[in-house]
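1. structure for the following, please:
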Amino acid sequence: YNDVSGTVTLTSVTDLLANVNALSTTDGISIATSDLKVTDTTTLSDATTLNSYTSGEVTLDKVTDTFANVQSIHDLTPTEENPDGVDLTAAAITITDPINLSQANEINGFTTGLVTLISVKDTHQNLISIDAINNSELTMANASVEVIDNVNLSQVDELDLWLDDNKEKYEVAKEFLNDI
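-> As a prediction, this is how the structure comes out:
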């Protein structure tokens, strides 16, 4: 750090979001051309701000946001023609709003990191398909699950993928279907 005169230009920075934000306004330090890597959780707003700091590449380790916002971050992915941008190809991504199979597959294609779903809403068969995605790629283990089509008791039993964390809901649904 230079407190006398001139500017120290950093070529790369790997740090927490708050620290990178602080660097962006620190006198005598420039991150205008730095490659930035943020190691804690970020959102679309953070990614946009980080991208504005530098003409270099921004790499995100963890993203937690809505499906649409993660799509917007993905739209900032560096290309051969535009090598700066925001890279989430290895990020752990958590989607905070309800998504379906098509959206789960799309998000899973954005990263080699783990995708965590907080909420899923789809047909019975599509929920089974989401659950069939390799758990090292995508998990809905703690997600709230909404089935949008009519199901029978055997199909509810098939949805035991969320049984452990939603035992009470499962038992109520099973009891209701037994009474029909």
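2. residue boundaries of the strands in the protein?
-> 8-9, 12-15, 29-30, 35-42, 57-65, 85-87, 92-95, 115-117, 119-122, 138-139, 144-147 (DSSP state E).
3. tell me the strands beside the first one, with direction?
-> As defined by DSSP bridges, the strand partners of strand 8-9 come to strand 29-30 (parallel).
4. kindly report the same for the second one.
-> For strand 12-15, sheet partners with direction are given as strand 35-42 (parallel), following DSSP bridges.
5. could you pull out the buried residues of the partner strand?
-> Using 16 or more other C-beta atoms under 10 Å as the test for burial, strand 35-42 gives 35, 36, 37, 38, 41, 42. From N, CA and C alone the C-beta is placed, and that goes for glycine too.
6. those residues: which two are farthest apart?
-> Farthest apart among these by C-beta to C-beta are 35 and 41. That separation is 19.7 Å.
7. how close does residue 35 sit to residue 54?
-> According to C-beta to C-beta, to the nearest Å, residue 35 stands 7 Å off from residue 54.
8. save the strands of the chain as CSV, and put in mean pLDDT and distance to residue 22 too.
-> Formatted as CSV, the strands of the chain follow (pLDDT from 0 to 100; distance: least, C-beta to C-beta, whole Å):
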stretch, mean pLDDT, distance to residue 22
strand 8-9, 93, 15
strand 12-15, 98, 9
strand 29-30, 94, 10
strand 35-42, 98, 12
strand 57-65, 97, 16
strand 85-87, 95, 20
strand 92-95, 98, 24
strand 115-117, 98, 29
strand 119-122, 94, 34
strand 138-139, 96, 33
strand 144-147, 89, 37
